[in-house]
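Asks: prediction below, plus the sequence it came from.
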Amino acid sequence: MNGMDRRQVQRQFSASSETYDGYADVQKRVARKVAALVQSDGPSHGRFLEIGTGTGYLSELLTRSNPQLRPMVSDLAHAMTRIARQRLPGAWAVDLDAAALPVVSERLPLICSASVYQWVGNLGMAFAECLRVLQREGVFIFALFGNRTLWELKDCYREALVMEGHTEPDYLLALPSRASVETSLREGGFEILQVWEEDECEKHVTVADLLRSLKGVGAHNASLRRPRGLASRRVMHRLTDSYDRRFSTGGMLSATYHVIYGVARKT
């Protein structure tokens, strides 16, 4: 993976804290599936940690369906943590980095997360931190966006670069594959109970609408090697033409999100 710019991730999600809920349709679908996994495979009571809570939607789902679960919500972006704290008045709230959890070892029965770990540069290190703070037999339930996410947009962008004579790398952030997620869980010390992948599809009228949606949820390129701006005006024009030509059905453009789900246990 390209190196992750942690400060850029922090800035972009803080900036999108007020618009996130209005654009996060796919993220909310994923959160609902993670909540269902917690209901079926997680503990029925006790303190749990949600990593990368965003505006607190997942923790709200969990505590609404099971008031005996007590949330500790956290995010790298302070503005997100603040909004989640307002949404969940009884929750503990803390700003934290997923790769360095400020939690006592062997403290929690459950850690959960939705649509976050694609923004973590070292999955093995981050998963090892989850293992450290979980109790024996504690459960880690998560979903993240995998390497086929937005493949239509990425393909059209790369095609546009070639057509404009660009020979340098595209510098897009590389997202994890299912195999790398499984490897990172094992390296982190987990017993893997389930790992699988699904696609979620979003529809947009125009490429501009898609890009506006990505900006609304804070999803910018956070590679340390990224150039300034996404592309030149000519590249963007070619990208839009390519996307319209290749992926328009019934006047709508498809955008695919590749979601990798995992359930793992500390033995």
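Replies: Structure's in. What do you need? Residues are numbered from 1 along each chain as shown.

Asks: in terms of helices and strands, where is the closest residue to residue 149 other than its chain neighbours?
Replies: Spatial nearest neighbour of residue 149, chain neighbours left out: residue 258 (4.6 Å); criterion: CB to CB, 6 or more residues apart in numbering. For every residue, glycine as well, the C-beta is placed using N, CA and C. Element membership of residue 258 [criterion: DSSP states H and E] is strand 252-265.

Asks: and the residue nearest to residue 149, how far is that from residue 238?
Replies: Distance from residue 258 to residue 238, counting by CB to CB, to the nearest Å: 24 Å.

Asks: on that earlier part again, next up, the contacts around the residue nearest to residue 149.
Replies: Residues in contact with residue 258 (CB atoms under 8 Å, 6 or more residues apart in numbering) are 145, 146, 147, 148, 149, 151, 175, 197, 199.

Asks: how much space between it and residue 54?
Replies: Note on residue 258: its distance to residue 54, by CB to CB, is 19 Å.

Asks: and residue 198, by the same measure?
Replies: Between residue 198 and residue 54 the computed distance is 20 Å (CB to CB).

Asks: just residue 205 next, same as before
Replies: 25 Å.

Asks: neighbour count winner among those two?
Replies: residue 54 (30 against 11; other CB atoms under 10 Å).

Asks: ok, the residue nearest to that one when sequence neighbours are not counted - how many residues close by?
Replies: The shortest distance from residue 54 to any residue other than its chain neighbours is 5.4 Å, reached at residue 80 (CB to CB, 6+ apart). Here the number of neighbours of residue 80 (other CB under 10 Å) works out to 26.

Asks: residue 123 too?
Replies: When neighbours are counted by other CB under 10 Å, residue 123 registers 22.

Asks: who's in contact with it?
Replies: Counting by CB under 8 Å, 6+ apart, residue 123 touches 117, 176, 180, 181, 184, 188.

Asks: residue 267 now?
Replies: Counting by CB under 8 Å, 6+ apart, residue 267 makes contact with 136, 137, 191.

Asks: for the stretch 1-150 of the chain, which segments count as helices?
Replies: In the stretch 1-150 of the chain, the segments counted as helices under DSSP state H, counting those that start in this stretch are 6-15, 20-23, 25-41, 57-65, 78-87, 123-133.

Asks: and stretch 78-97, end to end?
Replies: Stretch 78-97 has an end-to-end distance of 11 Å (criterion: CA to CA, to the nearest Å).

Asks: residue 262 bridge partners, please.
Replies: With DSSP bridges as the criterion, residue 262 is bridged to residue 142, residue 195.

Asks: please read the previous query as pertaining to residue 95.
Replies: Under DSSP bridges, the beta-bridge partners of residue 95 are residue 75.

Asks: hmm, it is touching residue 74, no?
Replies: Yes - counting by CB atoms under 8 Å, residue 95 does reach residue 74; the two are 6.9 Å apart.

Asks: ok, the two, which is more surrounded?
Replies: More neighbours surround residue 74 than the other of residue 95 and residue 74, with 27 against 15 (other CB under 10 Å).

Asks: okay, that one: pLDDT?
Replies: Here, the pLDDT recorded for residue 74 equals 96.

Asks: quick one: it from residue 112, how far?
Replies: Residue 74 is 11 Å from residue 112, by CB to CB.

Asks: now do the shared contacts for those two.
Replies: 49, 50, 51.

Asks: check contacts around the last one.
Replies: Think residue 51. By CB under 8 Å, 6+ apart, the residues touching residue 51 are 74, 96, 98, 101, 111, 112, 113, 116, 130.

Asks: just those now: which is nearest residue 210?
Replies: Set against residue 210, the nearest of those by CB to CB is residue 116 (21.1 Å).

Asks: that's all I had, so thanks and see you.
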